[in-house]
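1. take a look and give me a structure for this.
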Amino acid sequence: MPENTIIPILYLMCGLPGSGKTTLARILEKEYGAIRFSPDEWLYDLGLSFYDDQARIKVEQLQWQFALQLLKQGHSVILEYGFWLRTERDHYRAVAKELGVIAKVCYLKASIDELKSRLKKRNQLGIDSIPVVDLANLDQWITRFEEPAQEELN
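-> Numbering: from 1, shown residues only. Purely as a prediction, here's the structure:
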């Protein structure tokens, strides 16, 4: 790669609902000109349920295909998938390495009380394009979330 070539970055937004993934992703998008992929936004725009797991999987697969093309063309990409599992993060980092791009796990950590407070406020806004999160689900989700190990973070 020529000396003055900028290596694209694959940003993996990692965290539970309400942790600030979209907020940070929008900042990165503006500051670095990265292309941001948000499954929630696409599901909303397509008129699909935020909680339709099959639709979410298809949207994320389609977004990933676009992201791969963009990375290969030298563009940085942001994926707002949550990346709850280490195996997911490992997979995307491995693909990035194969492509010769940098992968950065952007872990947004917040206490369960902070997440519930943020989500309660967000739910009260009643914005159609933002999923309403049942706070009771958060207790279950936190048990399934695998916090990134230090070596995963850049």
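2. and the strands in the protein?
-> Secondary structure of the chain (DSSP state E): strands at 9-14, 35-37, 77-82, 102-107.
3. among those, which is nearest Leu62?
-> Checking the strands of the chain against Leu62 by C-beta to C-beta gives strand 35-37 as the closest, at 9.2 Å. Bear in mind the C-beta positions are built from the backbone N, C-alpha and C, glycine included.
4. separation between Val77 and Cys106?
-> 12 Å (C-beta to C-beta, to the nearest Å).
5. Ala25: how many residues sit nearby?
-> By the criterion of other C-beta atoms under 10 Å, Ala25 has 21 neighbours.
6. once you drop chain neighbours, what's closest to Trp84?
-> Phe145 (4.8 Å; C-beta to C-beta, 6 or more residues apart in numbering).
7. okay, Leu70: pLDDT?
-> As predicted, Leu70 sits at a pLDDT of 98.
8. that one: neighbouring residues, count only.
-> Neighbour tally, Leu70, other C-beta under 10 Å: 17.
9. is it true that it touches Ile35?
-> Yes - the pair Leu70 and Ile35 qualifies as a contact (C-beta atoms under 8 Å) at a distance of 5.6 Å.
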